[in-house]
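> Got a predicted structure plus its sequence, pasted below:
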Amino acid sequence: MTSSAPAPNPGGARTMRSADWFAGSGRNGFIHRSWMRNQGFPDDVMDGRPVIGIATTWSQLTPCNAHLNEVAESVARGVWEQGALPLIFPAMSLGEPLMRPTTMLYRNLLAMELEELIRANPLDGVVLLSGCDKTTPGMLMGAISVDLPTIMLTGGPMLNGIYRGERIGSGTAVWQLTERHRAGQLTDEDLTVAEACMSRSRGHCNTMGTASTMACLVEALGMQLSGSAALPAPDSRRYALSQAAGRRIVEVVAEDLRPSRILTRAAFENAIRVNAALGGSTNAIVHLLALAGRAEVPLSLEDFDRLGAQVPLLVDLMPSGRFLMEEFAYAGGLPALLRELLPLLSPEALTVDGVSLETAVAGAETHLTPNGQRVIADLTDPVQPAGSGTVVVRGTLAPEGAVLKVSAASPELLEHEGIAHVFDTAEDYTRVVNDPDFALDPTDVIVVRGGGPVGYPGFPEIGNVPLPAALLKAGVTDIVRISDARMSGTGYGTCILHVSPESAVGGPLALVRTGDRIALSVRRRRLDLLVDPDELAERARTLPQVQPLEPRGWVRLYRQHVGQAHEGADLDFLIGRSGAQPPRHSH
């Protein structure tokens with residue numbers, strides 16, 4: 001082997017960005033190549049061929065992502081096959097089941113880290129490996145800002161949970177089974193058995209929670225290979241797809257197919273409509289707004305209501321339906337849904353497959369379950385009619401908007417007026433929820449504030465607070481709950497979420513007092529605090545001072561710069577594209 005500088009640009013191909021590191025003569029080229037050799041790389045893999053970064057959020061602290069090291073190896077095989085150099089590197093892993101106070105506090109930190117990692121290193125393209133829900137938008141936000149050729153590959157959902165012959169879904173079953181336990185319908189032993197049955201394989205949540213929603217929406221946006229979102233994590237076809245993604249990213253680099261060419265206004269409109277058809281998570285709104293901000297595509301809350309209202313619910317998945325992601329995959333997955341939805345989509349939208357959305361799903365088929373049940377409905381006979389997805393309400397309690405997932409709510413509560421019972425924190429509510437003397441009327445409204453981006457801080461998934469034990473034992477299964485927090489995409493109930501502006505920055509939610517009346521009208525898209533404006537003005541004058549900032553670290557920076565829910569909760573100085581050019585530095 002020779003230690004001389006490799007000849008750049010073999011075969012007359014376009015000069016790669018990585019050649020600025022590896023094809024140089026003199027000291028800089030020597031340093032970059034020399035240190036790579038300690039991993040056993042020969043000089044001919046640094047000859048000007050594409051260098052592909054495989055960014056993985058593998059971690060045993062993130063159960064949903066604990067298999068991504070194997071996925072990364074499959075991607076690398078595909079890259080090698082195409083004659084490029086794969087380099088696997090870690091990115092911050094955000095595990096919703098374990099991290100406190102919430103992984104949403106760190107989504108923007110992951111985005112910032114990945115943006116800097118991609119820009120700073122000799123990469124010509126990247127494959128992003130994600131799974132647990134915040135890893136997907138966080139990674140894609142960072143990659144969008146750099147705008148190098150990118151493919152995302154989500155890790156796939158778990159297999160179905162089966163508890164005593166009953167299908168149970170991750171997340172959704174947590175809320176259902178623990179409520180039954182609190183109501184005295186399940187013993188401690190029952191709950192332990194269910195706990196072992198629910199998450200029985202590698203992969204992310206198998207309901208249409210945020211992880212599955214974002215996996216599907218990234219495919220709908222065109223940033224994930226067609227058919228990648230729904231296949232279960234243990235399915236061998238997922239590893240075949242991973243290898244295919246490794247092959248394809250080399251072609252994407254050769255085509256210079258960047259996120260900025262794919263993530264157009266039409267792509268985001270497609271994703272909004274697909275989210276409605278999926279019965280997708282309310283969290284998708286915050287993430288799509290943040291992604292659009294990075295892509296410099298205008299998007300607002302009104303777009304979700306206007307576009308989603310035209311689309312019926314077509315996928316019969318928990319928490320809005322009966323089935324889980326395993327059945328969705330075998331029914332045809334997202335390509336089958338997209339093909340059914342094409343009349344409502346922009347079919348010409350470009351995908352990382354290198355073809356239009358319409359072409360990518362042309363061969364998709366929809367299948368019934370073995371016993372003849374349908375998981376994916378058609379437009380003429382939907383699971384629920386148009387308007388069953390996420391709606392946006394505004395009013396004196398939510399001037400900048402709040403969201404409600406209609407398909408997961410109780411129809412009789414969608415037009416409602418009741419007396420507020422107000423809690424400044426989720427912890428305040430938790431302290432009384434099991435008290436037998438805390439007996440609300442079923443028409444009352446629970447208000448929990450202090451859960452927004454600034455206030456908690458981090459915008460946690462606490463909006464679907466449990467019902468008081470006294471109501472559960474009386475047979476009540478739902479009441480109206482209002483908060484400036486989010487809720488898990490696996491959750492359900494008549495929960496008005498993301499109230500904006502949040503209470504911590506002086507939004508009207510900070511002015512509500514126990515005993516006030518609140519009116520919700522989904523039909524009129526209204527959420528109003530029925531208190532005289534003069535009284536509210538007086539309350540505003542006596543509001544306590546905003547909490548002081550933390551003395552140091554990420555949380556201080558986050559609270560200083562995070563936007564509100566209706567803006568996507570990104571940091572103000574990270575919005576938009578930054579480009580791939582690193583600061584110049586010579587050794």
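Received the coordinates, thanks. Numbers count the residues shown, from 1 in each chain.

> which stretches of the stretch 1-150 of the chain aren't confidently modelled?
Applying pLDDT under 70 to the stretch 1-150 of the chain flags residues 1-13.

> Please apply the same query to the chain.
Segments of the chain classed as low confidence (criterion: pLDDT under 70) are 1-13, 584-587.

> Return the distance of the nearest residue to Gly515 once chain neighbours are set aside relative to Gly463.
Once its chain neighbours are removed from consideration, Gly515 has its nearest residue in Ile419; the separation is 6.3 Å (Cβ to Cβ, 6 or more residues apart in numbering). All C-beta atoms are positioned from the backbone trio N, CA, C, and that covers glycine. Distance check for Ile419 against Gly463: by Cβ to Cβ, to the nearest Å, it reads 20 Å.

> Of those two, which one has the most company?
A count of neighbours by other Cβ atoms under 10 Å puts Gly463 above the other of Ile419 and Gly463, at 27 against 14.

> Report the contact partners of the more buried one.
Taking Cβ atoms under 8 Å, 6 or more residues apart in numbering as the contact definition, Gly463 lies against 448, 451, 481, 483, 485-487, 491, 495, 497-498.

> same check, this time on Pro385
Contacts for Pro385 (Cβ under 8 Å, 6+ apart) come out as 312-313.

> repeat that for 10 Å
Applying Cβ atoms under 10 Å, 6 or more residues apart in numbering to Pro385 gives the contacts 311-313.

> same thing with Val403?
282-283, 285-286, 301, 304-305, 390-393, 463, 486-487, 495-500, 565-566.

> picking that back up, pretty sure the residue nearest to Gly515 contacts Leu440?
Yes - because the distance of 8.8 Å satisfies Cβ atoms under 10 Å, Ile419 is recorded as touching Leu440.

> re earlier: adding secondary structure and neighbour count, write the contacts of Pro385 out as JSON lines.
Listed next are these as JSON lines, based on DSSP: H, G, I helix; E, B strand; the rest coil; neighbours: other Cβ atoms under 10 Å:
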{"residue": "Val311", "secondary structure": "coil", "neighbour count": "24"}
{"residue": "Pro312", "secondary structure": "coil", "neighbour count": "21"}
{"residue": "Leu313", "secondary structure": "strand", "neighbour count": "24"}
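
> Out of the residues you listed, which comes closest to Gly184?
Nearest to Gly184, judged by Cβ to Cβ, of the contacts of Pro385 is Leu313 at 33.2 Å.

> can I assume the closest one is in contact with Leu379?
No - Leu313 is beyond contact range of Leu379, at 11.0 Å (criterion: Cβ under 10 Å).

> Quick check: neighbours shared by those two?
With Cβ under 10 Å, 6+ apart, Leu313 and Leu379 have common neighbours 277, 386.

> For stretch 507-525, measure first residue to last.
Using Cα to Cα, to the nearest Å, the end-to-end distance of stretch 507-525 comes out at 19 Å.

> And for stretch 40-59?
Between the start and the finish of stretch 40-59 there is a gap of 25 Å, counting by Cα to Cα.

> And that stretch, what's buried?
Of all the residues in stretch 40-59, those buried under the rule 16 or more other Cβ atoms under 10 Å are 43, 45-59.

> about what we covered before: relative to Asp516, which of the contacts of Pro385 is nearest.
Leu313 (33.5 Å).

> And for that closest one, nearest residue in space, chain neighbours not counted?
Gln384 (3.9 Å).

> That neighbour and Leu471: what is the separation?
Gln384 is 26 Å from Leu471, where distance means Cβ to Cβ.

> Which one's more surrounded, those two?
Neighbours around Gln384 and Leu471, counted as other Cβ under 10 Å, are more numerous at Leu471. The numbers are 21 against 17.

> SS state for that one?
On the three-state scheme (DSSP: H, G, I helix; E, B strand; the rest coil), Leu471 is labelled helix.

> pretty sure it contacts Asp435?
No - with contact taken as Cβ under 10 Å, Leu471 and Asp435 are classed as non-touching, separated by 11.8 Å.

> picking up where we left off before, looking at the contacts of Gly463, which is nearest Tyr330?
The shortest gap between Tyr330 and any of the contacts of Gly463 belongs to Gly491, at 25.3 Å (Cβ to Cβ).

> if we can go back for a sec, closest to Ile162 among the contacts of Pro385?
Nearest member of the contacts of Pro385 to Ile162, counting by Cβ to Cβ, is Leu313, at 25.0 Å.

> For Thr136, what is the enclosing helix or strand?
Using DSSP states H and E, Thr136 sits within helix 135-146.

> Run through the neighbouring helices and strands of that helix.
Here helix 135-146 touches strand 51-56, helix 104-120, strand 125-130, strand 150-154, helix 210-221, helix 259-262, helix 283-295, going by 3 or more Cβ pairs under 10 Å, 6 or more residues apart in numbering; DSSP states H and E.

> now do 8 Å
With contacts taken as 3 or more Cβ pairs under 8 Å, 6 or more residues apart in numbering; DSSP states H and E, helix 135-146 sits against helix 104-120, strand 125-130, strand 150-154, helix 210-221, helix 259-262, helix 283-295.

> Check which residues of that helix are buried.
Buried residues in helix 135-146, defined by neighbour count with 16+ other Cβ under 10 Å: 135-146.

> ok, now stretch 307-320?
Neighbour-count burial for stretch 307-320 flags 307-309, 311-320 (criterion: 16+ other Cβ under 10 Å).

> Distance to Leu87 and secondary structure for these - can I get that in TSV?
Output for the buried residues of stretch 307-320, formatted as TSV (distance: Cβ to Cβ, whole Å; DSSP: H, G, I helix; E, B strand; the rest coil):
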residue	distance to Leu87	secondary structure
Leu307	39	helix
Gly308	40	helix
Ala309	45	coil
Val311	41	coil
Pro312	45	coil
Leu313	42	strand
Leu314	40	coil
Val315	37	strand
Asp316	42	coil
Leu317	37	strand
Met318	39	coil
Pro319	39	coil
Ser320	41	coil
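
> and the end-to-end length of stretch 388-405?
Stretch 388-405 has its terminal residues 8 Å apart, counting by Cα to Cα.

> and that stretch, how far from the chain's centre?
If you compare the mean C-alpha spot of stretch 388-405 with that of the full chain, they lie 19 Å apart, counting by Cα atoms, centre = their mean, to the nearest Å.

> next one: stretch 559-575
With Cα atoms, centre = their mean as the basis, the distance from the averaged C-alpha position of stretch 559-575 to the chain average is 16 Å.

> That concludes my questions; thank you for your assistance.
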